[in-house]
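Chemist: Coordinates for the following, if possible.
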Amino acid sequence: MTTAWSTFPVQFTGGLVTNISPLQQGINAVGSAFILQNFEPSLDGGYRKVAGYTKLDDAQLSGSGVVQALAVVENEDEERFIAARNGVYYLINTTDTNPAWASKVTASSTGFTRARHVSYNFNNALKIVFVDGTNYPVYYTDSNQSMAYITGSGTGNSAVNGASTVELFKSTLFFGKGTELVFTAPYSDTDFDPANGAGSIGLNSEITGLKVYRDALIVFCRDKIMRLTGSSSADFTLSAVTEDLGCLSADTIQEIGSDIMFLGPDGLRTLSSTERIGDFGIDVASKNIRPTVNEMQSFAQSFSSTVIRGKAQYRLFSYVSGETVDVAKGVLGTKFVDQGGQGFQWGELKGYKCYITDSQYIGDNEFIVFANTDGYIYRMESGTSRDSSNINAIYESPFMPITDPQKRKTFYKLDLYIKPFGAVNVVAGVRYNQNDRDKIQPATFTLSSGAGGGGFYGNSTAIFNTTTYGEPRTQSFNNNIVGSGNTVALRIEDDSADAAFLLDTAIFEYAENNRK
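Modeler: Got it, this is the predicted structure:
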C-alpha cells in the first residue's frame, strides 16, 4: 500500500518568541522563532540576515575609556561627526582627503559618563547642544565648525549647569536637570532670562528623558510620564500622561514610525496616540520577548538605542564593560503596524558592543553610528561583516507537532525557499521530539548557491556600465531528510561574512503514522 504524503508549509514570520513554552509556540505560532540571532523580521516578508558594520574611518580618537558623546551633523554637503572622549570634544569630516579628529573644546569636569544632544536651526544657523549631567551645555556651530561652553555669567545660566537631557520644542530649548525642567527664551539657545520668555517648571520626580511627540513635549520621569503643551511661557501647561510608570533610561527613547519607544520597568513600551483626542496609549511592545529583555535589564550597566528609519526598526543595546565584542547583545524590533506595541516582530543581536549611538540623514543617506571603548566610530548597515569578523546568524524554530502531537510522523523532504543577495553557503538541519537525547538525530546539511559577483537584471541599485541589474528571485533548495518524530524543529545557521539572504518559506513533506 502506497504511503500518503502530506505537505506542511512554514512561513517565516512572527519573529522571536521567548515568553511561552516551546510546545505552545510550535502549535500556535508556526513560523516564529525559538532562536532568531542576527536575523531581522523584514518588511518584505521573512527573516533577513542583518547587515554588518564597518569603521566610519581609520582615524582613532585619542585617550582611553568609553566614547562619551556621538553625533551625526546634519549637513547635506559634507559628512561631519562629533565625538567626545576623556572630556574632549572632537570633530571629523570623513569627506576630507585625509580625515582626522580635530579637538574643539575640553570640559571643565572631564569624568562625565555620557553626553546627550539635540540639533536645531535658529536664524538659518545649524547648531547642536550637548549636555552631560555634570558641566554647562556645550554648543557646536556648523558654519564655522566651532564648539564652546556657556558660562554661569548670564542670567539664569546656572540653572542648566549639570543638565542631563535636552530637547527642542516650539523653537525653545528645554533642559532636564534633576526634577526641574528649564527652558530658554524663544529662538534663543543661551537666553535664560524670564523677562524674555525663559523659565522653569518644577516636578516631583526625576526627569529621565525628553521627546517631542506631535504637538506636545513628553517629559519622562522615573515613575511618571508628563506632557507639556502650549507655545510659550505664557501658556505652557503640564499634565499627566500616566502616574503609574516611568522611563528607566533616556538612551532608550526613540521615535519609531508614529510611536515613541522607551524602556519601562516591565520592558519596552510604546507611547502612541489614540482615537480619543488628547489621549495616549501605552502598550508593552516587548511582550513576546519579555524574558530576553528582563535578562538584559538584569546584567546591563547601561543602554543605548537607535532607529533604522528605512526599515522601520528599533534597536536596543545593553552594555557591559567587561564583555567581549563577540558576546555583546541587543534586540531589534521591526514595526509592522502604524501604531501600538503589538505590531512589532523581534530578533536578537549578538556581536554589537554599543555604548553610545546616533542616527541621522546626511542628504539622502542614513548614517547609523556607534562607539564603545576602542576609540573608533562604527557605521551600522555597512558591509557584510562585523568589521571583518563573521556574523553568526541563527534561525531555530520551535518544535512543531504539525498535526497531532501524540502521532509519529516520518519525514522525507524539506524544501527551503531563500532569497539570496550573493553567494549562499549555510548549514541547516532538523531535530525531532524536543531534541530527545535517546533519539538518534539526523546530520546537518549544507545549502550552497552560486558565487559572489553575480548580477540580476532590472535593479536600479546594481549598475554595470550602463546596464541595470535587479534583486535576485527567491530560490528553492530541495533536500531529502530522514527520521521520524512526534514533533520537528528546523535550524538554519550562517557563520560567515557572506552577503545577506532572506528566509522566505520552508515546506516539509511527511507521512503520518498510526497512533500507537
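Chemist: Longest helix in this structure, please.
Modeler: helix 290-299 (DSSP state H).
Chemist: for it, which positions count as buried?
Modeler: Judged by neighbour count using 16 or more other Cβ atoms under 10 Å, the buried positions of helix 290-299 are 290, 292-293, 296-297. Yep, even glycine has a C-beta here, placed from its N, CA and C like the rest.
Chemist: Stretch 248-256 too?
Modeler: Buried, per 16+ other Cβ under 10 Å, within stretch 248-256: 248-256.
Chemist: would you put the C-alpha positions of that stretch in CSV?
Modeler: The C-alpha trace of stretch 248-256 is given here as CSV (Å, rounded to 0.1, in the frame of the first residue of the first chain):
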residue,chain,number,x,y,z
LEU,A,248,14.3,54.0,33.2
SER,A,249,16.8,55.3,30.7
ALA,A,250,16.8,58.4,28.4
ASP,A,251,19.1,56.5,26.0
THR,A,252,16.3,54.0,25.1
ILE,A,253,13.8,56.7,24.0
GLN,A,254,13.3,56.8,20.2
GLU,A,255,10.6,57.8,17.8
ILE,A,256,9.8,54.8,15.6
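Chemist: got the contact list for it?
Modeler: By Cβ atoms under 8 Å, 6 or more residues apart in numbering, the surrounding residues in contact with stretch 248-256 are 114, 116, 164-165, 208-211, 213, 220, 222, 247, 260-265, 268, 270, 297, 302-307, 312-314, 316, 333, 335, 356.
Chemist: Now intersect the residues you listed with the strands, please.
Modeler: 116, 165, 208-211, 213, 220, 260-264, 268, 270, 302-307, 313-314, 316, 333, 335, 356 (DSSP state E).
Chemist: In strands, which of the buried residues of stretch 248-256 fall?
Modeler: 254-256.
Chemist: Out of those residues, which is nearest to Ile377?
Modeler: Nearest to Ile377 among these: Gln254, at 19.4 Å, using Cβ to Cβ.
Chemist: okay, the closest one: pLDDT?
Modeler: pLDDT for Gln254: 97.
Chemist: what about the closest residue to Ser239 other than its chain neighbours, neighbour count?
Modeler: Once flanking residues are discounted, Ser239 sits nearest to Arg227: 5.9 Å by Cβ to Cβ, 6 or more residues apart in numbering. Arg227 has 19 neighbouring residues, counting by other Cβ atoms under 10 Å.
Chemist: The helix or strand where Arg227 lies - contacts with which helices or strands?
Modeler: Following DSSP states H and E, one finds Arg227 within strand 225-229. In terms of contacts (3 or more Cβ pairs under 8 Å, 6 or more residues apart in numbering; DSSP states H and E), strand 225-229 is packed against strand 216-221, strand 237-242.
Chemist: so where's the stretch 151-300 of the chain uncertain?
Modeler: 151-156, 273-279 (pLDDT under 70).
Chemist: ugh, typo on my part, it should be the chain
Modeler: Using pLDDT under 70, the chain drops low at 1-3, 151-156, 273-279, 450-472, 516.
Chemist: Report the central residue of it.
Modeler: The chain has Arg315 as the residue nearest its centroid, 1.2 Å off, counting by Cα atoms, centre = their mean.
Chemist: returning to that earlier point: mind putting the ones in strands among the buried residues of stretch 248-256 into TSV with distance to Gly65?
Modeler: Shown next, in TSV, are those (distance: Cβ to Cβ, whole Å):
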residue	distance to Gly65
Gln254	25
Glu255	30
Ile256	30
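Chemist: wait, which of those residues is closest to Asp235?
Modeler: Asp235 has its nearest neighbour among those in Glu255, at 24.7 Å by Cβ to Cβ.
Chemist: beta partners of that closest one?
Modeler: Going by DSSP bridges, Glu255 is paired in beta bridges with Ile260.
Chemist: buried ones in stretch 205-216?
Modeler: Applying 16+ other Cβ under 10 Å to stretch 205-216 flags 205-213, 216 as buried.
Chemist: Out of those residues, which is nearest to Tyr376?
Modeler: Using Cβ to Cβ, Gly209 is the member of these that lies nearest Tyr376, at 27.4 Å.
Chemist: ok, for the closest one, nearest residue in space, not its chain neighbours?
Modeler: Nearest in space to Gly209, with sequence neighbours left out and distances taken as Cβ to Cβ, 6+ apart, is Ala250 at 3.5 Å.
Chemist: so the residue nearest to the centre of the chain makes contact with Phe303?
Modeler: No - assessed by Cβ atoms under 8 Å, Arg315 is found out of contact with Phe303, at 10.8 Å.
Chemist: quick revisit: give the other helices and strands that the longest helix of the chain contacts.
Modeler: So helix 290-299, by 3+ Cβ pairs under 8 Å, 6+ apart, packs with strand 267-273, strand 313-319, strand 329-335.
Chemist: Run through the helices of this structure in chain order.
Modeler: 22-28, 290-299.
Chemist: of all those, which lies closest to Val10?
Modeler: Nearest of the helices of the chain to Val10, taken as Cβ to Cβ: helix 22-28 at 10.4 Å.
Chemist: Tell me the buried residues in that closest one?
Modeler: Residues 22, 25-27 are the ones in helix 22-28 that count as buried (16+ other Cβ under 10 Å).
Chemist: distance between it and the chain's centre?
Modeler: Relative to the chain's own centre, helix 22-28 is displaced by 27 Å; criterion: Cα atoms, centre = their mean, to the nearest Å.
Chemist: Stretch 432-450 too?
Modeler: Stretch 432-450 sits 32 Å away from the centroid of its parent chain (Cα atoms, centre = their mean).
Chemist: now stretch 102-115
Modeler: Distance of stretch 102-115 from the chain centroid (Cα atoms, centre = their mean) equals 26 Å.
Chemist: hmm, who's touching it?
Modeler: Taking Cβ under 8 Å, 6+ apart as the rule, stretch 102-115 contacts 62, 66, 68-69, 82, 84, 86-92, 130-135, 138, 140, 145-149, 251, 302, 355-356.
Chemist: 6 Å - rerun?
Modeler: The contact list for stretch 102-115 (Cβ atoms under 6 Å, 6 or more residues apart in numbering) reads 68-69, 84, 86-91, 130, 132-135, 147.
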